[in-house]
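> have a look at this fold, sequence not included:
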């Protein structure tokens, strides 16, 4: 009893549970047809082909250098190749829904650059309205000077974080499992050989897992996202905690330059990764908020991290128990990496009071893995295996 009281006091003191707003939005009536990059003397031009004129906002973020374009809700019907376009100052780009009612384009820069001008071209010559952004090279000093401080208006409607405990489950309720489809919206994740986005693969798999778990009738299920929406990493954790989750499963699919590499793996939390590969993967996944143009200033101070760590030990043991149960189930269906249970410091695994695992189902850069992960038949079999593992895990907790 004293242990539980002490644990709750720690959580009450240091764990800020972020708020969650529903991700469902009305269908967008503005369509984006294409995103093009042009290289001209003294400038790099980005053109967004639209069906309607829009209001937009542009700002810069540093380290890494990014230009962010915020737009109203948009239906993205651009070619798959658009996500791989680069040139001039542009090292890469991402696009998609960022928040309900808001879309975002993030331009990764090779070197510092600022917006020379931005404007809307009216329809004509077979085109609808075109949003044009011209970028020019700049020094780091000039780039940093171009970054605007967050305006008071931008923070309106955001409630202050509240320090609350994870709600206790009513004894009559079934345990809640939160399934987290990796990436989404402006953050596509890995891109497969055929051009399929990881965010679509993970959402399809998460929905299949939800159906498989609910069909057994012994657990409740919630998804962190039900559509193509960007959700910051820490908010994914907050959604699980606020809902009172007793298990959190984040679903991913990786990619790598070596197309021969394939196989799945299951990760649980460790600040010291079990190998260099795990460390590199965690570092890449933890950059998702940067990819989406999120300002991460002001998160987690050192003291809070130390106190939270005191509450995580038992949770990490439960996470390892579920991972150990999941490995043999998945091994019957998919090729698994050597030492399939690995440890890494993924942000989404850091809920101090929710056992959490991250499942890498395979490599979209490998043809065999991509074919498996895009097959509805294979996804159904994998989902059934995950549901069976979930069921066995909770049965084990009752003993």
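Cool, the structure landed. Remember, predicted model here, so these are calculated numbers, not experimental data.
> show me the shaky parts of the stretch 251-399 of the chain.
Where the stretch 251-399 of the chain drops to pLDDT under 70, the residues are 271-313, 398-399.
> ok, 90 please
Residue ranges of the stretch 251-399 of the chain with pLDDT under 90: 254-257, 261, 269-318, 337-339, 342-354, 395-399.
> for it, which segments are assigned as strands?
Using DSSP state E, counting those that start in this stretch, the strands of the stretch 251-399 of the chain run over residues 264-269, 336-344, 356-363.
> closest to residue 46 out of those strands?
Residue 46 lies closest to strand 356-363 among those, at 30.6 Å (Cβ to Cβ). All C-beta spots, glycine's among them, are computed from the backbone N, C-alpha and C.
> how is the protein partitioned into domains?
Here the domain parsing of the chain from automatic domain parsing is 31-148, 167-398.
> buried deepest among the ones you listed, which one?
For these, the largest average neighbour count (mean count of other Cβ atoms under 10 Å) is found in domain 167-398, namely a mean of 19.
> which residue ranges of this structure form helices?
Secondary structure of the chain (DSSP state H): helices at 2-14, 140-146, 198-216, 233-243, 276-285, 288-291, 302-331, 367-373, 376-398.
> sorry, back to before: could you point out which of the strands of the stretch 251-399 of the chain sits nearest residue 108?
strand 356-363 (22.7 Å).
> tell me which strands the closest one pairs with, and in which orientation.
In the sheet, strand 356-363 lines up against strand 247-254 (parallel), strand 264-269 (antiparallel) (DSSP bridges).
> out of those strands, nearest to residue 375?
Closest to residue 375 of those is strand 247-254 (Cβ to Cβ; 12.9 Å).
> now the closest one and helix 376-398, what's the angle there?
Per axes from the mean of the first three to the mean of the last three Cα atoms, to 10 degrees, the angle that strand 247-254 makes with helix 376-398 is 150 degrees.
> now strand 247-254, how far from the chain's geometric center?
Chain-centre distance of strand 247-254: 10 Å, with Cα atoms, centre = their mean, to the nearest Å.
> what of stretch 132-151?
26 Å.
> residue 233: which of the strands of the stretch 251-399 of the chain is closest?
Nearest of the strands of the stretch 251-399 of the chain (Cβ to Cβ): strand 356-363, 11.2 Å.
> and the angle for the closest one with helix 233-243?
Using the same axes, to 10 degrees, strand 356-363 lies at 130 degrees relative to helix 233-243.
> now strand 356-363: how far from the chain's centre is it?
Worked out by Cα atoms, centre = their mean, strand 356-363 lies 13 Å from the chain centre.
> that one vs strand 336-344, what angle?
Using the same axes, to 10 degrees, strand 356-363 lies at 150 degrees relative to strand 336-344.
> measure how strand 356-363 sits relative to helix 198-216, angle-wise.
Using the same axes, to 10 degrees: strand 356-363 against helix 198-216 is 120 degrees.
> pLDDT score assigned to residue 19?
For residue 19, the model assigns a pLDDT of 30.
> and the strands in the stretch 51-200 of the chain?
For the stretch 51-200 of the chain, the strands defined by DSSP E, counting those that start in this stretch cover 57-61, 66-72, 75-76, 90-99, 102-109, 113-121, 130-137, 162-163, 176-181.
> report pLDDT for the residue most central in space within the chain.
Centroid-nearest residue in the chain, with Cα atoms, centre = their mean: residue 183, separated by 3.1 Å. pLDDT for residue 183: 92.
> so who does it touch?
Residue 183 sits next to 189, 197-199, 202, 252, 288 when contact means Cβ atoms under 8 Å, 6 or more residues apart in numbering.
> and the two most separated of those residues?
197 and 288 (13.3 Å).
> so what sits against both of these two?
183, 189.
> quick one: the nearest residue to residue 251 once chain neighbours are set aside and residue 244, what's the gap?
Nearest-residue entry for residue 251: residue 202, 4.7 Å, with adjacent residues in sequence omitted and distances by Cβ to Cβ, 6 or more residues apart in numbering. Noted for residue 202: a distance of 23 Å to residue 244, by Cβ to Cβ, to the nearest Å.
> still on that earlier bit, make TSV out of the strands of the stretch 251-399 of the chain and add distance to residue 380.
Converted to TSV, the strands of the stretch 251-399 of the chain look like this (distance: least, Cβ to Cβ, whole Å):
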stretch	distance to residue 380
strand 264-269	16
strand 336-344	19
strand 356-363	13
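> residue 135 is nearest to which of the ones you listed?
Nearest of the strands of the stretch 251-399 of the chain (Cβ to Cβ): strand 356-363, 33.6 Å.
> got the angle for that closest one vs strand 176-181?
Going by the same axes, to 10 degrees, strand 356-363 makes 40 degrees with strand 176-181.
> the nearest residue to residue 207 once chain neighbours are set aside bridge partners, please.
With Cβ to Cβ, 6+ apart as the criterion, residue 207 has its nearest non-adjacent residue at 7.3 Å, and that residue is residue 223. Here residue 223 sits in beta bridges with residue 179, going by DSSP bridges.
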